[in-house]
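Chemist: The following comprises the amino acid sequence and a computationally predicted model.
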Amino acid sequence: MLWLILVTIIPIAACQRTDKWDSCGCHWDTWEAWSKCSSRCYGTQIRTRKVWNYNTPECEGFEACDGGRGGYVRRDCNKDCDAGYYNGYGCSCPVGRSGECCDSIVTCARPASILHGNVHGGRFQYNDVITYSCDINYNLTGPYERTCMVNGGWSRSTPRCLFAESCRSGPCQNGGTCVNGLDRYDCVCGRGWSGKNCDVDIQAPVVDQCPSSVHLTTSSREVTYTWSVPVFSDPHGNPVITSSDYDSNNFTFPWGDFTVLYTAVKPSNGLETNCSFTISVRPKPCPSIVAPINGYVLCNGWRADYGQYCLVGCNTNYSLPRSFDARQWIVCGASGHWTPDSVPQRCKVGDAADTAVLTPGVCISGSHKRKEDYIHALKRSSFNSVCIDNPTICSPDNVNVVCGA
């Protein structure tokens, strides 16, 4: 009786019959079909066949017929990668491919839509590019295009479509000029306006008329003066309130300097504008004094517009006429006239005791000693108030010297 025996799978296909092959009546069945390839890339296939022999104790098992190699055959299959190349162990994939056979392509997620715009492109695999565009009146902010990268993400960030026609609504007020931006606008405001929409009034009152400063002279100790009232206005047409530190535009001023201040306030925004001018009142000016030939005149060099107090002297080797007392003060006050009204025209040649002034030609520099004597005499005179009231400037350094020819 014959038995059919299925051989065990072994790695070598060569047939090696045993010495019982004939005595056991051994013979092979036909080969079965090849098995499915073990892998899509670089796998193996096998096929087997059965052996028949007698069913006797000495012929039990396939070992009685064959050495275990004749019922099995193996071969390589699928010897190609979908991409890349075989490296001896498996497939080496190029950039953008993965998987056992490099059969998987890197794919990016479908890009999200953008508000007020569109995404262009229908492929989302490695190295594919998508582009963006915006609806009318909107501007693209961000990248125009993006690329699918090897890590499965999109390059760069998603752009935005921003409104670029904000000025269409006319947001700028009071003549402001509108400048479009992206999702914004800017107002260039005219003079006197500020704020996002040029709706903040920053215009201060404007001085339309402001009197000029004046210089008045009088032979008395005061003078009455009337000035024009300043005029203010607001270019925006709002009310303006004006005030002054004087109750009216007419006032009696003594000698001195006075500042008249007018202030205009705009109640709508609290801004103010000033108009100020000076009124100076002085005694009538004195005519220039003429020093005698070969002589000089010493006068106070401070507060001279309120009065001049002078002494006359002669240069070395010259003397004053006997009719003129060297101790006599030549004075000019509020009347604008000198008293006495005449000064000797010349110093005569002679043995003069007055040697305080230097030789002719250097009279302009004067003598410090003579200036000291002048200050000493002034302080002891009836005009000493000019020093008492001005102690810091009543000094020899402030004495004026007028030299004769």
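Modeler: Okay, I see it.
Chemist: any idea which helix or strand carries Arg146?
Modeler: Per DSSP states H and E: Arg146 is located in strand 145-147.
Chemist: Adjacent strands (with direction) for that strand?
Modeler: Paired neighbours of strand 145-147 in the sheet (DSSP bridges): strand 129-134 (antiparallel).
Chemist: after the partner strand comes which helix or strand?
Modeler: Next element after strand 129-134 (DSSP H and E): strand 138-141.
Chemist: elements contacting that next one?
Modeler: strand 129-134, strand 160-163 (3 or more C-beta pairs under 8 Å, 6 or more residues apart in numbering; DSSP states H and E). All C-beta atoms are positioned from the backbone trio N, CA, C, and that covers glycine.
Chemist: Quick one: those strands as CSV, columns for mean pLDDT, distance to Val73 and mean neighbour count too.
Modeler: Formatted as CSV, the helices and strands packed on strand 138-141 follow (pLDDT from 0 to 100; distance: least, C-beta to C-beta, whole Å; neighbours: other C-beta atoms under 10 Å):
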stretch, mean pLDDT, distance to Val73, mean neighbour count
strand 129-134, 97, 51, 17
strand 160-163, 96, 66, 19
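Chemist: Take these and lay them out in a markdown table including distance to Asp183.
Modeler: What follows is the helices and strands packed on strand 138-141, written out as a markdown table (distance: least, C-beta to C-beta, whole Å):
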| stretch | distance to Asp183 |
| --- | --- |
| strand 129-134 | 12 |
| strand 160-163 | 4 |
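Chemist: can you tell which of those strands is closest to Gly90?
Modeler: With respect to Gly90, and counting by C-beta to C-beta, the nearest of these is strand 129-134 at 31.3 Å.
Chemist: And that closest one, how far out from the chain middle?
Modeler: Centroid separation for strand 129-134 versus its chain: 35 Å, with C-alpha atoms, centre = their mean, to the nearest Å.
Chemist: residues in contact with it?
Modeler: Residues from elsewhere that reach strand 129-134 (C-beta atoms under 8 Å, 6 or more residues apart in numbering): 111, 114, 116-121, 124, 140, 142-148, 154, 159, 161.
Chemist: let's go with 6 Å and repeat that
Modeler: Contacts of strand 129-134 with the rest of the structure, by C-beta atoms under 6 Å, 6 or more residues apart in numbering, involve Pro111, Gly117, Asn118, Val119, His120, Gly121, Leu140, Glu145, Arg146, Thr147, Pro159, Cys161.
Chemist: Kindly report the same for stretch 139-151.
Modeler: Stretch 139-151 is contacted from outside by 95, 106, 108, 124, 126, 128-131, 134, 154-156, 159-160, 162, 164, 182, using C-beta under 6 Å, 6+ apart.
Chemist: With stretch 185-194 instead?
Modeler: Against stretch 185-194 from outside (C-beta under 6 Å, 6+ apart): 166-167, 171-172, 174-179, 197-198, 200, 202-203.
Chemist: now with 8 Å?
Modeler: 166-167, 171-179, 195-203, 235-236.
Chemist: Straight-line length of that stretch, end to end?
Modeler: 15 Å (C-alpha to C-alpha, to the nearest Å).
Chemist: next one: stretch 125-140
Modeler: 24 Å.
Chemist: now swap in stretch 55-66 and tell me
Modeler: Terminal residues of stretch 55-66 are spaced 15 Å apart (C-alpha to C-alpha).
Chemist: Okay, buried residues for it please.
Modeler: Residues of stretch 55-66 classed as buried by neighbour count (16 or more other C-beta atoms under 10 Å): Cys59, Phe62, Ala64, Cys65, Asp66.
Chemist: what would the residues you listed look like in a markdown table with distance to Ser268?
Modeler: As requested, the buried residues of stretch 55-66 are exported to a markdown table (distance: C-beta to C-beta, whole Å):
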| residue | distance to Ser268 |
| --- | --- |
| Cys59 | 126 |
| Phe62 | 117 |
| Ala64 | 123 |
| Cys65 | 121 |
| Asp66 | 118 |
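Chemist: Counting by contacts, list what the helix or strand that contains Thr44 packs against.
Modeler: Thr44 is located in strand 43-54, with elements delineated by DSSP H and E. Secondary-structure packing of strand 43-54 (3+ C-beta pairs under 8 Å, 6+ apart): strand 2-6, strand 27-31, strand 72-77.
Chemist: and Leu378, that one's in a strand?
Modeler: No: membership of Leu378 in a strand is not supported by DSSP: H, G, I helix; E, B strand; the rest coil, which gives helix.
Chemist: Can you give me the separation between it and Gln125?
Modeler: 110 Å (C-beta to C-beta, to the nearest Å).
Chemist: Spatially nearest residue to Ser212 (excluding sequence neighbours)?
Modeler: Phe277 (6.2 Å; C-beta to C-beta, 6 or more residues apart in numbering).
Chemist: and the nearest residue to Ala83 once chain neighbours are set aside, what is it in contact with?
Modeler: The shortest distance from Ala83 to any non-neighbouring residue, by C-beta to C-beta, 6+ apart, is to Cys102 (4.0 Å). Residues in contact with Cys102 (C-beta under 8 Å, 6+ apart) are Cys41, Cys81, Asp82, Ala83, Gly84, Cys91, Ser92, Cys93, Pro94.
Chemist: May I have the strands that pair with the strand holding Thr44, each with its orientation?
Modeler: Here, using DSSP bridges, strand 43-54 pairs with strand 2-6 (antiparallel), strand 27-31 (antiparallel), strand 72-77 (antiparallel).
Chemist: before we move on, back to that, please pick the buried ones from the contacts of stretch 185-194.
Modeler: By 16+ other C-beta under 10 Å, the contacts of stretch 185-194 give Ser166, Cys167, Pro171, Cys172, Asn174, Gly176, Cys178, Asn197, Cys198, Asp201, Gln203 as buried.
Chemist: May I see those arranged in TSV, with pLDDT, secondary structure and distance to Thr30 as well?
Modeler: Formatted as TSV, the buried ones among the contacts of stretch 185-194 follow (pLDDT from 0 to 100; DSSP: H, G, I helix; E, B strand; the rest coil; distance: C-beta to C-beta, whole Å):
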residue	pLDDT	secondary structure	distance to Thr30
Ser166	93	helix	87
Cys167	94	helix	91
Pro171	95	coil	93
Cys172	96	coil	97
Asn174	95	coil	105
Gly176	95	coil	100
Cys178	96	strand	94
Asn197	96	coil	97
Cys198	96	coil	101
Asp201	96	strand	109
Gln203	97	coil	112
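Chemist: Fine by me, we can end here.
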